[in-house]
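Visitor: Model the structure of this input:
(chains A and B)
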Amino acid sequence: MKKNEQIGHSTDLPPSIGELRTFTAYNLDISLAAKVQELLNTHASAPNLIGRWQDQVILDEIPSGSSVLDLGCGAGDLLFQLIHKLKVRGQGVELDSQAVLKSIDRGVPVLNVNLDLGLVDFADQSFDYVILEGTLPTLRSPLPILKEMLRVGRRGIVSFPNFGHWRVRFDLTIRGRMPITRGLPHGWHDTPNIHLFTLADFTDWCAINEVNIKGAFGLTDSQVQPLAESDNLTVEEALLFLEKG
Amino acid sequence: MNVDGQFSNSIHGPKHPQSVGYTRAQKVVFYQSGPPLKLAAGGKLAPIEVEYETYGNLNQARDNAVLICHALTGDAHVAGWDENPEGPLRDYRRNKPGWWDEMVGPDKPIDTHRFFVICANVLGSCYGTTGPMCFNPTTGRPYGLTFPMVTVADWAALKIKLLDYLGLQILYAAIGGSMGGQEALEIALGWPERVQRLIILSAGSRLGAQGLAFNAVARHSIINDPNFKDGNYYDGPRPLAGLAAARMLGHITYLSEESMGHKFGRRLQSKDVPDFTPIGVEFEVESYLKHQAENFVARYDANSYLYITRAVDYYDASVWGEMDLARAASRITARLLVVSFSSDWLFPPESCRELVSAMCRAGRTVTYVDIPSPYGHDAFLVETTTISRLIHSFLSI
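Guide: Predicted structure coming up:
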């Protein structure tokens, strides 16, 4: 039995019209409900999932020979490609020791430390890019790590599942359940994502902290597309290139 | 086998296809003529005999050499079976292979089909390299405490001397655990161009205050043994009680609360009811330590214990960067793997991370793993499955 079934909650079931009626009956934002309805009609079937599209964008965007620090690098998939395809000087950081062993098996330099405990020092601006690919929501203290990212790196790359996506909103408001989506595949009880946020939340943070968004991509309609800040409802996962202003 | 010399089930006899088989200690004497070795702490020493072992074959390019550095009470006998375990302290070799036999041999992680493996006994030890137990050629008597103070820097310099003698400009890898990790680190700091890969297990750039304290107690017990006689005990009874106490303490520091609790708990030794006596062996853990100490004093020299623990005390890799470890670490050009174990309280993970952090500050890439293990400092010899995988992978690339 899959995890989703265990908790009686399936990701890809299209919502019924009845559920939508409930939505409007609660007198919530009607225009939003209509928008969600429209989206549901367009996406009645489950979207085709694109695995780790972020890696491909990063590979396309980073100049070869760059230096890259990947915070939360998992088994080192991205770094392995960066090192071999783009000859980057790559360093990973990963908490999970099994993933660390896999990284080492493929020759990716990785540090087995907990980012939340700030256990390793890096010099200011010592990497061209610092990557937080899906890592931010898993951190106990995301803001210090974001600051650290832009201290250590000349540019930051952040990707995260957008909690403002319509499917997420639908799960919460109509179904009254924690969302389970492509980007957020875990149940409420076993998710590593403990700080969830929307694209709008994140761009707010950028504005307040004088962080410039130098490039933005998103997974929208199962396609990787350039992203606008106004895409909070439609983008499922976001990938932003950041620079301190 | 672990540090205390216990047998594991997977022991390979000399005829096993994965054993390096029977081994023979090799000897070379340096500084017989010409200037003596200038020691880092001042003083000079000559001549110096070095005992070493090698396994596998050097390739044509002479670039497949792996240097292994042994720990505190270790020796050059890393793998296989000593074909001639004669000598006052070598009886223990009759019943077991070298101290890292699980790791070194044909098709083992440090594969002798592929690598030319070298290990040499450190200066000041009692396993064939010149130390306080050896005869001072000018007096005709054992050095004892007249042996000059030797340091990790001297060990490294002597290793380089040996590598030169063997015609090895490049080490494919230098590997060491605990004190051996520090020696390997010292070689990579002092001769960065000669070390391509560096693997440091259960060791940091320096010992913390707790480690210094343990060593102080160990030396105190040796020095205050009535048989110690300022180190001049070689023609009379040896300070075995002091050395035994030092070993018992050392042994505790190699284990962890968890592993001791698991292994012994509060069980009594071969009895159901205590004897209610303040002396004698009551608990299993007491019996175990006593047994370990008895084995140890039969194979080690008290003066060597003093000199080598002192050398470890003094070691601080940051001297290479005028006490700035990051500056020191920037000298290292080797690919570096550092491994710590969660329950190690001699070189705890935070102490291993000091070096890792320094490498990062120095703008070097580095690989660091903290392995969850209940086996304390001993884990680098006990957690063979994980260590095998790490070393195999790291040496593959």
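
Visitor: Give me the distance from stretch A:150-166 to the chain's centre.
Guide: Chain-centre distance of stretch A:150-166: 7 Å, with Cα atoms, centre = their mean, to the nearest Å.

Visitor: now do stretch B:137-151
Guide: 22 Å.

Visitor: List the contacts of it.
Guide: Taking contacts as Cβ atoms under 8 Å, 6 or more residues apart in numbering or on different chains, the residues outside stretch B:137-151 that touch it are B:39-45, B:47, B:123-124, B:131-136, B:230-234, B:303, B:306-307, B:310-311, B:314-315. C-betas here are computed from N, CA, C, even on glycine.

Visitor: do the same with stretch B:231-251
Guide: B:3-4, B:72, B:132-133, B:142, B:144-145, B:214, B:217-219, B:221-229, B:289-290, B:292-294, B:296-297, B:300, B:302-303, B:305-306.

Visitor: Mind giving me the ChimeraX command for buried ones among the contacts of stretch B:137-151?
Guide: Applying 16 or more other Cβ atoms under 10 Å in any protein chain shown to the contacts of stretch B:137-151 leaves a buried subset, and the ChimeraX line that selects it is:
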select /B:39,40,45,123,124,131,132,133,134,231,233,234,303,306,307,310,311,314,315
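
Visitor: How about the residue of chain A found nearest chain B, nearest residue that isn't a chain neighbour?
Guide: Nearest to chain B, among the residues of chain A, is residue A:107, at 3.5 Å (Cβ to the nearest Cβ). Once flanking residues are discounted, residue A:107 sits nearest to residue B:397: 3.5 Å by Cβ to Cβ, 6 or more residues apart in numbering or on different chains.

Visitor: what does chain B put close to chain A?
Guide: Residues of chain B found near chain A (Cβ under 8 Å from any Cβ of the partner chain) are B:326, B:335, B:337, B:350, B:353, B:356-357, B:360-363, B:365-372, B:386, B:389-390, B:393-394, B:396-397.

Visitor: who are the neighbours in contact with residue A:97?
Guide: Applying Cβ under 8 Å, 6+ apart, we find residue A:97 in contact with A:112, B:369-372.

Visitor: Can you tell me which of these is closest to residue B:208?
Guide: For the contacts of residue A:97, the minimum distance to residue B:208 (Cβ to Cβ) is 16.6 Å, reached by residue B:370.

Visitor: Run a quick neighbour tally on that closest one.
Guide: Residue B:370: 25 surrounding residues under other Cβ atoms under 10 Å in any protein chain shown.

Visitor: At the contact with chain B, which residues of chain A appear?
Guide: A:89-91, A:97, A:100-101, A:103-107, A:109-113, A:119-123, A:126.

Visitor: One more pass at 10 Å, please.
Guide: Residues of chain A lying close to chain B by Cβ under 10 Å from any Cβ of the partner chain are A:67, A:69, A:83, A:89-95, A:97, A:100-114, A:119-123, A:126-127, A:152.

Visitor: Generate a PyMOL selection restricted to the buried entries among those.
Guide: Here is the PyMOL command that picks out the buried ones among those, judged by 16+ other Cβ under 10 Å:
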select buried, chain A and resi 67+69+83+89+90+91+92+93+94+95+100+101+102+103+104+105+106+107+108+109+110+111+112+113+119+120+121+122+126+127+152
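
Visitor: Which of the residues of chain A next to chain B fall in strands?
Guide: A:67, A:69, A:89-93, A:110-111, A:127 (DSSP state E).

Visitor: excluding its backbone neighbours, what's nearest residue B:359?
Guide: Spatial nearest neighbour of residue B:359, excluding adjacent residues (Cβ to Cβ, 6+ apart): residue B:366 at 4.1 Å.

Visitor: Please work out how many residues are found near the residue in the stretch 1-150 of chain B that chain A sits nearest to.
Guide: Residue nearest to chain A within the stretch 1-150 of chain B: residue B:109 (12.6 Å; Cβ to the nearest Cβ). Other residues lying near residue B:109 total 21 when counted by other Cβ under 10 Å.

Visitor: Run a quick neighbour tally on the residue nearest to residue B:298 when sequence neighbours are not counted.
Guide: Spatial nearest neighbour of residue B:298, excluding adjacent residues (Cβ to Cβ, 6+ apart): residue B:91 at 6.6 Å. Neighbour count of residue B:91, defined by other Cβ under 10 Å: 13.

Visitor: Can you give me every residue that contacts the residue in chain B that chain A sits nearest to?
Guide: Using Cβ to the nearest Cβ, the closest approach of chain B to chain A is made by residue B:397 at 3.5 Å. Neighbouring residues of residue B:397 by Cβ atoms under 10 Å, 6 or more residues apart in numbering or on different chains: A:104-108, B:197, B:335.

Visitor: ok, of these, which one's closest to residue A:144?
Guide: Using Cβ to Cβ, the contacts of residue B:397 come closest to residue A:144 at residue A:108, 25.1 Å.

Visitor: Could you tell me which residues make contact with the residue lying closest to the closest one once chain neighbours are set aside?
Guide: Counting by Cβ to Cβ, 6+ apart, residue A:108 lies nearest to residue A:76, which is 3.5 Å off, once chain neighbours are set aside. For residue A:76, the contact set (Cβ under 10 Å, 6+ apart) comprises A:70, A:82-83, A:90, A:92, A:94, A:99-100, A:102-110.

Visitor: Show me chain A divided up by domain.
Guide: Listed domain ranges for chain A are A:3-47, A:53-162+A:198-244 (source: automatic domain parsing).

Visitor: Check the burial of residue 169 by counting its neighbours.
Guide: Let's take chain A. Applying other Cβ under 10 Å, I find that residue A:169 has 21 neighbouring residues.

Visitor: that's the wrong chain, I meant chain B
Guide: Neighbours of residue B:169 (other Cβ under 10 Å): 12.

Visitor: and it, which of the three is it?
Guide: Taking DSSP: H, G, I helix; E, B strand; the rest coil as the rule, one finds residue B:169 in the coil state.

Visitor: Against residue B:193, how distant is it?
Guide: With the distance defined as Cβ to Cβ, to the nearest Å, residue B:169 ends up 9 Å from residue B:193.

Visitor: The residue nearest to the spatial centre of chain A: helix or strand, and which one exactly?
Guide: Among the residues of chain A, residue A:160 comes closest to the average C-alpha position under Cα atoms, centre = their mean, at 1.6 Å. Per DSSP states H and E, residue A:160 falls inside strand A:153-161.

Visitor: chain center to the next helix or strand along the chain from that strand: distance?
Guide: Following strand A:153-161 in sequence order, the next helix or strand is helix A:166-170 (DSSP H and E). Helix A:166-170 sits 16 Å away from the centroid of its parent chain (Cα atoms, centre = their mean).
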